[in-house]
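**Student:** Any chance you can model this:
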Amino acid sequence: MSHESVNSELDNSTENFAELLNQYSPAEKELKNNEIKEFEIDPQAYGIKRAGLESILGGNAKDNAKILYNIFDNNATNEQRDIVLINTATALMVDGMARDIQDGLEIAKEMLTSNKAKEQLKNIIEISNKL
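**Tutor:** Model prediction:
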């Protein structure tokens, strides 16, 4: 799978809050047992260092595809990998697939190191190319 094949799949948004998550402790909301719980996520509490925005910003679709593949191939910067891990961990927790952020981080790391995430992306691209 080439970098070019995912160019159209990547968002070119540099102001996406997901890329800014490690800049501050955002308020998150979770629905659990019919109650809305608000909480803050401090990435540093999970071993993720705060980073400058310039270290995690993408660019055009081609640049973003390269970053994505670098993350999947373990060639990305720590900051790029960390932002993906903390966002994935949060999504897994909110979706109920992880008990908490730490559990989500462990699942996310396993998905990256086992190449499962890369294989899923490949499947999504193949399906979208058929549409």
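**Student:** List the buried residues for stretch 53-70?
**Tutor:** Ile56, Leu57, Gly58, Ala61, Asn64, Ala65, Lys66, Ile67, Leu68, Tyr69 (16 or more other CB atoms under 10 Å). Where you see a C-beta, it was placed from the backbone N, CA and C, and this is true even at glycine.
**Student:** Centre of the chain to that stretch, how far?
**Tutor:** Between the centre of stretch 53-70 and the centre of its host chain there is 12 Å, according to CA atoms, centre = their mean, to the nearest Å.
**Student:** in this structure, what residue sits furthest out from the centroid?
**Tutor:** Distance from the C-alpha centroid of the chain peaks at Asn34, with 27.3 Å (CA atoms, centre = their mean).
**Student:** returning to that earlier point: from the buried residues of stretch 53-70, which is closest to Ile107?
**Tutor:** For the buried residues of stretch 53-70, the residue nearest Ile107 by CB to CB is Leu68; the value is 18.7 Å.
**Student:** From Thr113, how far out is that closest one?
**Tutor:** Computed with CB to CB, to the nearest Å, the distance linking Leu68 and Thr113 is 16 Å.
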